[in-house]
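In: Need a 3D model of the sequence below.
(one chain, ligands or ions: 1)
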Amino acid sequence: MSLREIYGSGPWGLSIEVFPPKTSEGDDGLRQTLRELVPFQPAFISCTYGAGGSTSKRTIDWCREIQDQFQRAATAHFTCVGSSREELIEWLAAAYRGGVRNIMALRGDPPAGSTDFQPTAGGLRYANELVTLIREQFPEMGIGVGGYPEKHPEAPNIDTDLLNLKRKVDAGADAIYTQLFYDNSRFFQFREACDRLGIRIPIIPGVMPITEFARIKRITALCGAAIPGQLASQLEAVQDDKQAQFEIGVDFAIQQCRDLLEQGVPGLHFYVLNKSQACRKILTALGLTPTASSI
Ligand SMILES: Cc1cc2nc3c(=O)[nH]c(=O)nc-3n(C[C@H](O)[C@H](O)[C@H](O)COP(=O)(O)OP(=O)(O)OC[C@H]3O[C@@H](n4cnc5c(N)ncnc54)[C@H](O)[C@@H]3O)c2cc1C
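Out: Coordinates of the predicted model:
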């Protein structure tokens, strides 16, 4: 299914994000996760593109497997890192030949330890340039872009960041998928600010259920998402009990998703970190029933 067709008057659109594992055990684990989540009928499953282009081929291979073996539309993430314009076009052509029709178009991060993104010689500097390139070369591709309710870490302020988001929309993006967040009020403020700027494409919240507090502290420290004080205290109180952290995290995500859906979001994009258990519990609590699967 193309990103352009998912969000409309029908039920909210479910999407699930996974990453290409590094080992064959990881591959088997991801297949099992997909077998457990595909019955919830996600509109698409997206597969990330490793930092520095490290999963260039595997991202396409996984998208093909998702489409061929799991019968679900795939969205391939793609970044500007490490490729010239010609190499970007070559990769997009390979994805297209592999049947991929949706791209999550991203700039990518600077190398670990640096905050200064340097484009590759002959390459692109910002994601809006990648959106323009895809629109020029592969006009029928669906294009998702990243949005940051709590501001991209490199942006000097939220207003500048929003103007830069608008560049991606004006270049032809079909939908915005947000960075993870835990304070819905930040998302609603972001959505209103997008509306004031004339951004009219669907804005899909990114949800990462907390299953392990230490891990989520590392992730939020990198991306700048705030953990609400009450949630942080609840998790601190059980820092030696992983099962309790999982339960608190899942309960919180259920409430978070219910609130987002009540406030009319057109879809939910789950960062599942290649695991299914938390997401299954959340989707079931939201009233989704898995279909019988023959996979
Ligand atoms: C949904 C989602 C999926 C992701 N998947 C991946 C993945 O698979 N692989 C991966 O490596 N990373 C991924 N990321 C992380 C992403 O690559 C980083 O957040 C990266 O630092 C910024 O990417 P971007 O596409 O938002 O960049 P951009 O939109 O280019 O923004 C980067 C910074 O530059 C500023 N900026 C943007 N355009 C301009 C302009 N024209 N002039 C001046 N300033 C500008 C912005 O305000 C921002 O501070 C993902 C992020 C999200 C939200």
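In: Near the ligand, which residues of the protein are found?
Out: Where proximity means Cβ under 6 Å from any ligand atom, the interface of the chain facing the ligand comprises 48-49, 51, 77, 79, 104, 106-109, 126-128, 146, 152, 154-155, 160-161, 164, 167-168, 177, 179, 206. All C-beta spots, glycine's among them, are computed from the backbone N, C-alpha and C.
In: of the residues you listed, buried ones?
Out: 48-49, 77, 79, 104, 106-109, 126-128, 146, 152, 155, 161, 167-168, 177, 179, 206 (16 or more other Cβ atoms under 10 Å).
In: Could you tell me which of the residues of the chain next to the ligand belong to strands?
Out: 77, 79, 104, 106, 146, 177, 179, 206 (DSSP state E).
In: Kindly reformat the residues you listed as TSV containing distance to Arg196 and pLDDT.
Out: Shown next, in TSV, are those (distance: Cβ to Cβ, whole Å; pLDDT from 0 to 100):
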residue	distance to Arg196	pLDDT
His77	29	98
Thr79	29	97
Met104	25	98
Leu106	25	98
Gly146	20	98
Tyr177	20	98
Gln179	20	98
Gly206	21	98
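In: out of the residues you listed, which one sits closest to Thr120?
Out: Among these, Thr79 lies closest to Thr120 (Cβ to Cβ), at 10.6 Å.
In: remind me, longest helix of the protein?
Out: Of all the segments of type helix in the chain, defined by DSSP state H, the longest one is helix 242-262.
In: quick one: the following helix or strand past that helix to chain centroid distance?
Out: Next in sequence after helix 242-262, counting helices and strands by DSSP states H and E, comes strand 267-271. Here strand 267-271 shows a centroid-to-chain-centroid distance of 7 Å under the convention Cα atoms, centre = their mean, to the nearest Å.
In: So which other helices or strands are in contact with strand 267-271?
Out: Helices and strands touching strand 267-271, by 3 or more Cβ pairs under 8 Å, 6 or more residues apart in numbering; DSSP states H and E, are strand 13-18, strand 175-180, strand 203-207, helix 242-262.
In: could you check the angle strand 267-271 makes with the shortest one?
Out: Between the axis of strand 203-207 and that of strand 267-271 there is an angle of 30 degrees, by axes from the mean of the first three to the mean of the last three Cα atoms, to 10 degrees.
In: what packs against strand 203-207?
Out: Partner elements for strand 203-207 (3+ Cβ pairs under 8 Å, 6+ apart): strand 13-18, strand 175-180, helix 184-196, helix 242-262, strand 267-271.
In: Output that strand as CSV, restricted to C-alpha atoms.
Out: Provided in CSV are the C-alpha atoms of strand 203-207 (Å, rounded to 0.1, in the frame of the first residue of the first chain):
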residue,chain,number,x,y,z
ILE,A,203,1.4,13.6,10.9
ILE,A,204,1.8,10.2,12.5
PRO,A,205,3.1,9.9,16.0
GLY,A,206,6.1,7.6,16.6
VAL,A,207,5.5,5.4,19.7
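In: show me what contacts Leu180?
Out: 206-208, 219-220, 223, 225, 271 (Cβ atoms under 8 Å, 6 or more residues apart in numbering).
In: Please report the distance of Ile60 from Ser2.
Out: 18 Å (Cβ to Cβ, to the nearest Å).
In: of the two, who's got more company?
Out: Under the neighbour definition other Cβ atoms under 10 Å, Ile60 and Ser2 were set side by side, and Ile60 has more, 24 against 16.
In: so which strand or helix has the more buried one?
Out: Element membership for Ile60 (DSSP H and E) is helix 56-68.
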